[in-house]
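J.: structure, please.
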Amino acid sequence: LDEPQTMEGGKTLDSLANFKPLAVLRYSATHKTTHNKIHRLDALDAYNQKLVKKIAVRGISVKGLTGTNGFLYLESIEVSTAAPVARVELEIKQNNGIKRVLRKLSRNNNLFDLSGDLEQYRGFVVADISALTNTVTFTNGHELVAGEATGDVSESALRRIQIREAIKAHFDKEQALHQRDIKVLTLFFIDEVAKYRDYSAADEKGDYARIFEEEYNQYLNEILDLHETPYIKYLKGISAEKTHSGYFSIDKKTKRLIDPEMGKKATEADDVDAYDLILKDKERLLSFAEPVRFIFSHSALREGWDNPNVFVICTLKHSDNTVSRRQEVGRGLRLSVNQHGDRMDNAATVHQINVLTVVASESYKDFVTALQRDI
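T.: Numbering: from 1, shown residues only. The predicted structure follows:
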């Protein structure tokens, strides 16, 4: 039995007895009922035997949600032959209102001036940018750490930051692996289909789809300034609209994508149609000819589906269900393959190539950190 924890209903167990089995073998990473254990392959064994990817975490931490502080988010610090530069998102007064904009900051930059004289940034002058500690210090004593947001951070702002971090992680991996003929996939888990695909909108795009395309185009434009490599040519041939797709249950009557009917348990969902859709296209997803590189899922891709080339997982939802989160992380643990279907399991390079980045909200980060502690 594969995933036996989904087959523990009374009628199911009674029916299995009709087979009159001499033995029953149960395979799962998330057993609910433990029977006589024959063999165990735990996280440490799998990692040491180089059977799974290494896990890395990009956590987004939030503090100071008072609504009175100026919003600031330090994305990263860029190091070159010149002095380090900080990529910081802040609020800027524009003709059509206040917008959150990403700016490159250097020492002595005054955020009050940059923001169009917004009062909450008075006294915020960049005193130091440290690439060693990944921090920006201001003359008023305020310190910002990379990956940290301060000030008035709404739920949608946090999700935008997560989407941006996932896109950045995707491009970082893709740039390194494209020359090895390995396609990189990124998987987003969402809590509501309408946030990705909204049938009431003219273009049927939900908030996450819009945010994704905005952030993707912004980051893509920065990369396209680099030298004309085969990778840059590959990127130029893919539009933002074509590179993301959502896999959800399909309502056969309307042929429209809907939220799956959730059962009594959070891990159960009626996802038969979505499973068919994914399994038929799974190998195509691995090809450079297929433009889809970012996949949005509701619950269909939680168990029973694996694509070896998932390198980034981002969870745009609150989750305290340990089993479902472990299954979500598990979607990206298989070792990747190249365009010829060869498994990237060379002992010398397996964990240089195969690293799964999890872009986490804080509770999710705690969970993945615990997984890493096991390893």
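J.: so Arg87, which of the three states?
T.: strand (DSSP: H, G, I helix; E, B strand; the rest coil).
J.: separation between Gln94 and Val101?
T.: 8 Å (C-beta to C-beta, to the nearest Å). Placement of C-beta: from N, CA and C, glycine included.
J.: can you map out the helices along the chain?
T.: 10-17, 43-48, 111-114, 155-177, 207-223, 230-236, 272-285, 322-330, 350-353, 362-374 (DSSP state H).
J.: would you single out the least confident of those helices?
T.: Among those, helix 272-285 carries the lowest mean pLDDT, at a mean of 60.
J.: what is the least confident helix or strand in this structure?
T.: Least confident helix or strand, the chain: strand 249-251 with a mean of 52, by mean pLDDT, DSSP states H and E.
J.: coming back round to it: which one's more surrounded, Gln94 and Val101?
T.: Neighbours were tallied for Gln94 and for Val101 using other C-beta atoms under 10 Å; the higher tally belongs to Val101 (13 against 10).
J.: check contacts around that one.
T.: Glu89, Leu90, Glu91, Ile92 (C-beta atoms under 8 Å, 6 or more residues apart in numbering).
J.: what about the nearest residue to the first one once chain neighbours are set aside, how many neighbours?
T.: Okay, so that is Glu89. Nearest residue to Glu89, sequence neighbours excluded (C-beta to C-beta, 6 or more residues apart in numbering): Tyr73, at 4.3 Å. For Tyr73, the count of nearby residues is 25 (other C-beta under 10 Å).
J.: okay, Tyr73 and Ala146: tell me how far apart.
T.: Distance from Tyr73 to Ala146, by C-beta to C-beta: 10 Å.
J.: could you dump the helices of the chain to TSV with distance to Pro291?
T.: Formatted as TSV, these follow (distance: least, C-beta to C-beta, whole Å):
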stretch	distance to Pro291
helix 10-17	41
helix 43-48	32
helix 111-114	37
helix 155-177	13
helix 207-223	12
helix 230-236	10
helix 272-285	10
helix 322-330	24
helix 350-353	23
helix 362-374	28
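J.: so which of these comes closest to Asp306?
T.: helix 322-330 (7.6 Å; C-beta to C-beta).
J.: next, the distance between the ends of stretch 183-194.
T.: One end of stretch 183-194 to the other measures 28 Å (C-alpha to C-alpha, to the nearest Å).
J.: buried ones in that stretch, by neighbour count?
T.: Using 16 or more other C-beta atoms under 10 Å as the test for burial, stretch 183-194 gives Lys183, Val184, Leu185, Thr186, Leu187, Phe188, Phe189, Ile190, Val193, Ala194.
J.: report the beta-bridge partners for the residue nearest the centre of the chain.
T.: The centroid of the chain falls nearest to Cys314 when counting by C-alpha atoms, centre = their mean (2.0 Å). Beta bridges link Cys314 to Phe188, Val359, judged by DSSP bridges.
J.: now do the contacts for it.
T.: Here Cys314 is in contact with Gln162, Ile163, Glu165, Ala166, Thr186, Leu187, Phe188, Phe189, Val358, Val359 (C-beta under 8 Å, 6+ apart).
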